[in-house]
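**Q** generate a structure from the sequence data that follows.
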Amino acid sequence: MNQPKALIGSFIQAVGTVTSAVGSIPSLSDKKQFALDLWGNVLQATGNALEADAETSDTLGVYGNEIQAIGNITVIAGLLNKEGNRLEITGNWLQSLGGLISFSDDWGDKHSSALNPIGNLLQAIGNALQAIGGIYEERGNKTEGQSLGIVGSWVQAIGSILCFLSQLERKDYPSSNGVVFV
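**A** The predicted structure is shown next:
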């Protein structure tokens with residue numbers, strides 16, 4: 001595994017989920033919410049792609065990160081399409097599926113702290129809440145749907161931060177120029 005690339009990818013993904021979660025704050029203008037959500041998903045897709053590319057072998061973690069990146073790209077397509085609610089819902093379901101696949105890969109990983117599977121599970125739950133919130137909104141229950149989306153965004157953000165912290169805890173980083181990544 002390319003640990004520095006995995007660490008950078010995890011950091012970028014965490015920044016993206018927090019950016020997107022900040023974009024869910026209702027007191028912001030629609031323009032600011034849109035921009036934060038769009039760029040947050042771009043960062044998440046980039047981070048997930050870097051994490052998948054950091055793996056040296058085919059693992060469930062690779063597939064989970066790839067599916068999450070596809071989910072983020074689907075959300076981006078939905079955000080850029082005026083009638084894209086269904087794409088956003090589908091993208092959130094895909095991210096949730098990717099998070100569950102990554103969770104199952106991390107569950108027995110000896111190199112992973114407990115933070116990683118918990119973080120991936122929280123991300124999966126957060127994305128599922130966002131998808132369910134989108135369904136509520138589509139069915140006309142805007143207030144409840146938005147509330148679920150906000151909670152889901154922050155649950156996902158907390159999960160991605162835990163995954164990043166797990167990357168920081170890894171003990172198998174290679175030494176480079178006398179600097180050890182711990």
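**Q** not counting its neighbours along the chain, what's nearest G159?
**A** Excluding its sequence neighbours, the residue lying closest to G159 (C-beta to C-beta, 6 or more residues apart in numbering) is L122, at 3.0 Å. Backbone N, C-alpha and C define where each C-beta goes, glycine included.
**Q** wait, doesn't the one you found sit right on W154?
**A** No. Using C-beta atoms under 8 Å, L122 is not in contact with W154, being 9.9 Å away.
**Q** could you pull out the strands for the chain?
**A** 175-176, 179-180 (DSSP state E).
**Q** hang on, the earlier thing: distance of the residue nearest to G159 from F103?
**A** According to C-beta to C-beta, to the nearest Å, L122 and F103 sit 9 Å apart.
**Q** before we move on, what about G140?
**A** Applying C-beta to C-beta to G140 and F103 gives a distance of 33 Å.
**Q** which of these two has more neighbours?
**A** F103 (23 against 7; other C-beta atoms under 10 Å).
**Q** show me what contacts the nearest residue to that one once chain neighbours are set aside?
**A** Closest residue to F103 apart from its sequence neighbours, by C-beta to C-beta, 6+ apart: N120 at 4.0 Å. Counting by C-beta atoms under 8 Å, 6 or more residues apart in numbering, N120 touches 64, 99-100, 102-103, 106, 159, 163.
**Q** mind picking the lowest-pLDDT entry from those?
**A** Least confident entry in the contacts of N120, by pLDDT: D106, with 83.
**Q** that residue against P117, yeah?
**A** Yes. Distance between D106 and P117: 4.1 Å, which falls inside the contact criterion (C-beta under 8 Å).
**Q** helices of the chain, residue ranges please.
**A** 3-22, 30-54, 60-80, 85-106, 115-138, 142-169 (DSSP state H).
**Q** quick one: the last one to helix 30-54, angle?
**A** It stands for helix 142-169. In terms of direction (axes from the mean of the first three to the mean of the last three C-alpha atoms, to 10 degrees), helix 142-169 departs from helix 30-54 by 40 degrees.
**Q** equivalent analysis for the shortest one, please.
**A** Counting by the same axes, to 10 degrees, helix 3-22 points 160 degrees away from the direction of helix 30-54.
**Q** same check on the third one?
**A** Orientation note: helix 60-80 sits at an angle of 160 degrees relative to helix 30-54 (the same axes, to 10 degrees).
**Q** helix 60-80 packs against which elements?
**A** helix 30-54, helix 85-106, helix 115-138 (3 or more C-beta pairs under 8 Å, 6 or more residues apart in numbering; DSSP states H and E).
**Q** roughly how far is that helix from the heart of the chain?
**A** Taking C-alpha atoms, centre = their mean, to the nearest Å, the mean C-alpha location of helix 60-80 is offset from the chain mean by 9 Å.
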